[in-house]
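Visitor: Build me a model from this:
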Amino acid sequence: MLKNGRRFFLRLCLALLACLGQSLAHAQFDKTPWPRSQATPAIDLVDLHGQHWTGAALKGRVVVLNFWATWCGPCKEEMPSLQALHKDPSPGPSDARPAVVIGINVKETPSTVRRFMAAQHLDLPVVLDPQGDLTRQWGVRIYPTTVLIGPDGRARWRVVGDLDWNGPIARAWLKDLQALPATSQSASK
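Guide: Alright, predicted model coming up:
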């Protein structure tokens, strides 16, 4: 009987390890609140298409600011879902202003980024950060990192790692952000 008990216990442990391994394999991101004590850096960006993006122009919109590089495997995996979000940016109520996706490419040449974008059929706005200045301002150390900015212009969340931005988890986060007021009073909540 003791032998059967040990076998059962061993099988149970193996099953638990298998389940844990599966859940860890799918836990590819870490979402943390933006530190309240850390100011949101000013947004004043020009993308590869010549579009100028400022904090004032983005007021009232949720912004998905994604830091990435063409050599980064998880960044490449995440790009199709960011493109899908760019094409269908309104996961919230029909009266909500759609989210804006802006990619920040880190330390690569315009030609490298354009080739990558063309090969992957991507047309979301991408800003170049050739010296890594924006990356430092936003405290990014790992790629991909995405900063979610509320309609009040305040950074709310930092997501490190790749995520399906078109999936239910990310869409729920964006919907929650879209429900926030576009006034700075929400920053005190």
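Visitor: quick check, residue 147 in a strand?
Guide: Yes - counting by DSSP: H, G, I helix; E, B strand; the rest coil, residue 147 is found in a strand.
Visitor: Name the nearest residue to it, ignoring sequence neighbours.
Guide: residue 65 (4.5 Å; CB to CB, 6 or more residues apart in numbering). No exception for glycine: its C-beta is placed from N, CA and C like everyone else's.
Visitor: In this structure that neighbour contacts residue 150, no?
Guide: No - shown here, residue 65 and residue 150 do not form a contact pair, counting by CB atoms under 8 Å, at 11.9 Å.
Visitor: element containing residue 158?
Guide: Assigned by DSSP states H and E, residue 158 belongs to strand 155-161.
Visitor: now the helix or strand that that strand is followed by against strand 145-149, angle please.
Guide: The helix or strand immediately downstream of strand 155-161 is helix 168-178, counting by DSSP H and E. Angle of helix 168-178 versus strand 145-149, following axes from the mean of the first three to the mean of the last three CA atoms, to 10 degrees, is 30 degrees.
Visitor: What's opposite residue 104 in the beta bridge?
Guide: residue 67, residue 127 (DSSP bridges).
Visitor: Tell me the pLDDT of it.
Guide: Residue 104 is assigned 98 on the pLDDT scale.
Visitor: Now do the residue nearest the centre of the chain against residue 68, distance only.
Guide: The geometric centre of the chain, computed from its C-alpha atoms, lies nearest to residue 146 (CA atoms, centre = their mean), at 3.2 Å. From residue 146 over to residue 68 the distance is 9 Å, taken as CB to CB, to the nearest Å.
Visitor: so residue 47 sits right up against residue 102, yeah?
Guide: Yes - counting by CB under 8 Å, residue 102 is a contact partner of residue 47 at 7.0 Å.
Visitor: Mind listing the residues bridging to the closest residue to residue 34 other than its chain neighbours?
Guide: Using CB to CB, 6+ apart and skipping residues adjacent in sequence, the residue nearest residue 34 is residue 155, 4.0 Å away. For residue 155, the beta-bridge partners are residue 149 (DSSP bridges).
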